[in-house]
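**Q** Next input, structure requested:
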Amino acid sequence: MTLARALTRLLLVTSLVIGTHVQAATAVETHGALSVQGKHIVGSHGKPVSLAGPSLFWSNTGWIGSEYYTAGAVAFAQRSWNAGIIRAAIGADKNGGLQADWAANMARLETVVDAAIAQGMYVLVDYHSHDAEKHPEQAIKFFETVARKYGKHPNLIYEIYNEPLKDTDWSTVIKPYAEKLIPRIRAIDPHNLIIVGTQSWSQEVDKAARDPLKGFSNIVYALHFYAGSHKQWLRDKAKFALDHGLALMVTEWGAVNANGDGPIDRVETERWLAFMREHHISHLQWTLGSKRESASQLKERTPPTGEWTDADLTEGGLYFQQIVRSWSAVKFSGAK
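**A** Below is the predicted model of the structure:
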């Protein structure tokens, strides 16, 4: 073990013991390459890792939210919120997505990934689609491109299917899609985490637990919830999946209703936060954007510079800021 790695580990252990924030290394320097051991995502230190951060909005050209794919937005999440992870939701197949404007969407992705690497954050590259199985060749092209450019970095996490629909069956559609994509990624990047969406907008993780992917390492299953709509019944599904050995990541969640709007349900959100803490589950909240809906963390017409104050945040943004700032016992450093 190198001296630098030993000192980083000492800082992490000390911070956990005394319960205070310690200015340590970056998130990636602290936890290293992530892997799956049983039902947990662990760092190179062998201990469970639970990260918190925001998800960006759809990247689609011309959509409200795509303007926040900036280095400034990534730096804000790290420096102001102590986020250890960020999600780039790359629109695959709707107007302005990869099918219509490959170059612009890839440029936005590269801006975010480069900024996350500079800040020492993990970055989740999400193929943001509700019917990805209809265009697997585009998905393969996308992830092979990403893996060739960034697969050598431990920061990278692949999310190969955002939210399959309710009638998109796990065993006959989603699982075969994953079995087609995963080997193509693994041929380039053998180790970084790959997250697979699950049936019914990434809620039916219990179905995946009954028929899991086999023969692959470092596979994680996506769980999505919106606290205003998804209650104990969905935590029961998640607990079933965990009890059957699946590693989960909440790659998208909201404190509001499933349509992205409505009042903040703080009571149910706190129950979800307690569940994720108990099971060491990482999570990313929807969304670091300014669409006119209560899920947005930024007020309408907020400039995309990332030089934001509390006055630029919505009620939901202020609430999430409080959540993510208190999530980790370690105060991560950012760009050196």
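**Q** Can you tell me the closest non-neighbouring residue to Phe76?
**A** Once flanking residues are discounted, Phe76 sits nearest to Gly306: 4.0 Å by CB to CB, 6 or more residues apart in numbering. All C-beta atoms are positioned from the backbone trio N, CA, C, and that covers glycine.
**Q** Would you mind giving the secondary structure of the residue nearest the centre of the chain?
**A** Residue closest to the average C-alpha location in the chain (CA atoms, centre = their mean): Thr251, at 4.0 Å. Per DSSP: H, G, I helix; E, B strand; the rest coil, the local secondary structure of Thr251 is strand.
**Q** Could I get the contacting residues of it?
**A** 55, 87, 124, 126, 159, 162, 195, 202, 222-224, 283-284 (CB atoms under 8 Å, 6 or more residues apart in numbering).
**Q** What about Gly62, how many residues nearby?
**A** Neighbourhood size, Gly62 [other CB atoms under 10 Å]: 10.
**Q** start at 302 instead
**A** Yep, numbering from 302; the last one is Gly363 now.
**Q** isn't there a strand covering it?
**A** No - remark: Gly363 does not belong to a strand; assigned using three-state DSSP, it is coil.
**Q** wait, doesn't it sit right on Lys395?
**A** No - with contact defined as CB atoms under 8 Å, Gly363 does not count as touching Lys395 (10.6 Å).
**Q** Please read off the pLDDT at Val631 from the model.
**A** You'll see Val631 listed with a pLDDT of 88.
**Q** mind checking how far it is from Leu494?
**A** 20 Å (CB to CB, to the nearest Å).
**Q** And the furthest pair within the contacts of Thr552?
**A** Pairwise distances across the contacts of Thr552 (CB to CB) peak at 15.1 Å, for the pair Asn463 and His584.
**Q** where's Ile342 relative to Gly607, distance?
**A** 28 Å.
**Q** ignore the last one, Lys508
**A** Counting by CB to CB, the gap from Lys508 to Gly607 is 39 Å.
**Q** and Gly561, how many neighbours does it have?
**A** Gly561, neighbours per other CB under 10 Å, totals 17.
**Q** helix/strand/coil for it?
**A** Per three-state DSSP, Gly561 ends up coil.
**Q** how near is it to Arg536?
**A** For Gly561 relative to Arg536 (CB to CB), the value is 21 Å.
**Q** now swap in Ser367 and tell me
**A** From Ser367 to Arg536 the distance is 33 Å (CB to CB).
**Q** The nearest residue to Tyr370 once chain neighbours are set aside in helix, strand or coil?
**A** Spatial nearest neighbour of Tyr370, excluding adjacent residues (CB to CB, 6+ apart): Arg409 at 3.7 Å. Three-state call for Arg409 (three-state DSSP): helix.
**Q** For Arg409, list the residues it contacts.
**A** Counting by CB under 8 Å, 6+ apart, Arg409 has contacts Ser360, Ser367, Tyr370, Ala389, Ile391.
**Q** what about burial for the residues you listed, which qualify?
**A** Neighbour-count burial (16 or more other CB atoms under 10 Å) applied to the contacts of Arg409 gives Ser360, Ser367, Tyr370, Ala389, Ile391.
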